[in-house]
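Engineer: Okay, here's the prediction I keep looking at, along with the sequence it came from:
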Amino acid sequence: MTHFLDIHKTDPAALRRILDNAIAMKTARAGRPKGTPDDTRPLDGRMVALIFEKPSTRTRISFDVGVRQLGGQTMVLSGADMQLGHGETIADTARVLSRYVDLIMIRTFEEATLLEMAEYSDVPVINGLTNRTHPCQIMADVMTYEEHRGPIADRKVVWSGDGNNVFASFAHAAGQFGFDLTFTGPEPLDPEPAWFEFCAGRGRPITVDRDPVRAVAGADLVVTDTWVSMHDAQSARERRHNQLRPYQVTEALMAHAAPDALFMHCLPAHRDDEVTSAVMDGAHSVVFDEAENRLHAQKAIMRHCLGV
């Protein structure tokens with residue numbers, strides 16, 4: 001069974017094939033109407049369940065459109081539709097779904113839900129996001145960087161802000177694709193120790209620098225993410241803003257990066273919180289290319305999982 005659960009759980013050679021396939025499919029679609037399927041229709045006759053226990057815009061649209069472009073069909077299910085783990089176990093839900101569909105993508109809260117779904121499913125499972133990791137996003141990010149600047153290996157990537165689930169998948173990518181990763185952010189929001197251990201074990205130890213100006217010096221890529229979640233209480237939002245304000249990505253901060261540095265954000269962005277509008281809309285920013293590449297990277301991930 002070929003699941004796509006996390007970047008560090010997928011062989012580096014397979015990750016490279018996924019990106020190569022994503023670029024090839026994107027190139028082949030150039031100039032073609034977005035609603036038309038790919039010529040090969042590799043998912044023809046396939047049904048894909050898209051489960052959203054956690055709400056989404058980009059993940060839902062990009063996976064739904066991607067399946068259709070590949071010639072397949074989707075069944076979109078919300079957390080209310082599924083009631084995962086309430087009344088019926090996740091394991092039993094996985095067993096039942098496996099009788100109906102060819103592939104499952106799940107965007108959920110707890111990593112344990114994803115892992116149990118994969119353990120008991122008879123069809124491939126893709127991690128669309130958990131509170132712990134976000135691998136599909138970072139596959140699109142690596143694809144975007146390489147489109148603009150060539151191989152990401154040995155480049156300097158700087159994360160400014162909260163050491164969250166998106167950072168976790170960047171850490172996995174650093175170990176698998178061989179780039180240098182620096183974290184700059186407040187100590188209370190440091191990433192999990194497990195991600196430091198993984199990168200160190202791959203010969204790519206993560207650098208921590210509390211000074212954002214020093215951290216981004218010479219960076220090839222600067223990345224940030226939202227400071228607050230939609231589920232955070234008001235008190236938590238205020239505390240995070242106070243902690244993270246020094247790590248806002250501004251034009252002044254980007255000036256310390258390499259002259260041709262790129263800026264990325266997985267979106268949605270809270271403009272003028274974690275990043276200024278001047279950076280979001282400026283010459284360094286590739287955030288909308290990054291958003292588009294979710295579509296192409298995820299199509300390649302689905303083909304990888306199904307072997308088509």
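Structural biologist: That came through, no problem. The structure displayed is predicted, hence computed values, not measured ones.
Engineer: Does Lys34 touch Val65 like I think?
Structural biologist: Yes - in this structure Lys34 lies within contact range of Val65 using C-beta atoms under 8 Å: 7.3 Å. The C-beta positions use only the backbone N, C-alpha and C, and glycine is treated the same way.
Engineer: Specify which residue of these two has the higher count of neighbours.
Structural biologist: Val65 (17 against 9; other C-beta atoms under 10 Å).
Engineer: Run through the residues that contact that one.
Structural biologist: Applying C-beta atoms under 8 Å, 6 or more residues apart in numbering to Val65 gives the contacts Lys34, Leu295.
Engineer: Using the three-state scheme, assign it.
Structural biologist: helix (DSSP: H, G, I helix; E, B strand; the rest coil).
Engineer: if I look at it, how far off is Thr207?
Structural biologist: Relative to Thr207, Val65 is positioned 37 Å away (criterion: C-beta to C-beta, to the nearest Å).
Engineer: now swap in Tyr100 and tell me
Structural biologist: Distance, Tyr100 to Thr207, by C-beta to C-beta: 47 Å.
Engineer: of those two, who's got more company?
Structural biologist: It is Thr207, of Tyr100 and Thr207, that has more neighbours when counted by other C-beta under 10 Å, with 14 against 11.
Engineer: If we go by neighbour counts, what in the helix-or-strand element of the chain with minimal mean pLDDT is buried?
Structural biologist: Lowest mean confidence among the helices and strands of the chain (mean pLDDT, DSSP states H and E): helix 79-82, at a mean of 78. By neighbour count with 16 or more other C-beta atoms under 10 Å, helix 79-82 contains the buried residues Gly79, Met82.
Engineer: Beyond that helix, next helix or strand please.
Structural biologist: For helix 79-82, the following helix or strand on the C-terminal side (DSSP states H and E) is helix 90-98.
Engineer: ok, and what's touching that following helix?
Structural biologist: Residues contacting helix 90-98 (C-beta under 8 Å, 6+ apart): 49, 82, 84, 104, 113, 116-123, 125.
Engineer: out of the residues you listed, which are buried?
Structural biologist: Among the contacts of helix 90-98, those classed as buried by 16+ other C-beta under 10 Å are Ala49, Met82, Leu84, Ile104, Thr113, Glu116, Met117, Ala118, Tyr120, Ser121, Val123, Val125.
Engineer: Show me those residues that map onto strands.
Structural biologist: Counting by DSSP state E, the buried ones among the contacts of helix 90-98 place Ala49, Ile104, Val125 in strands.
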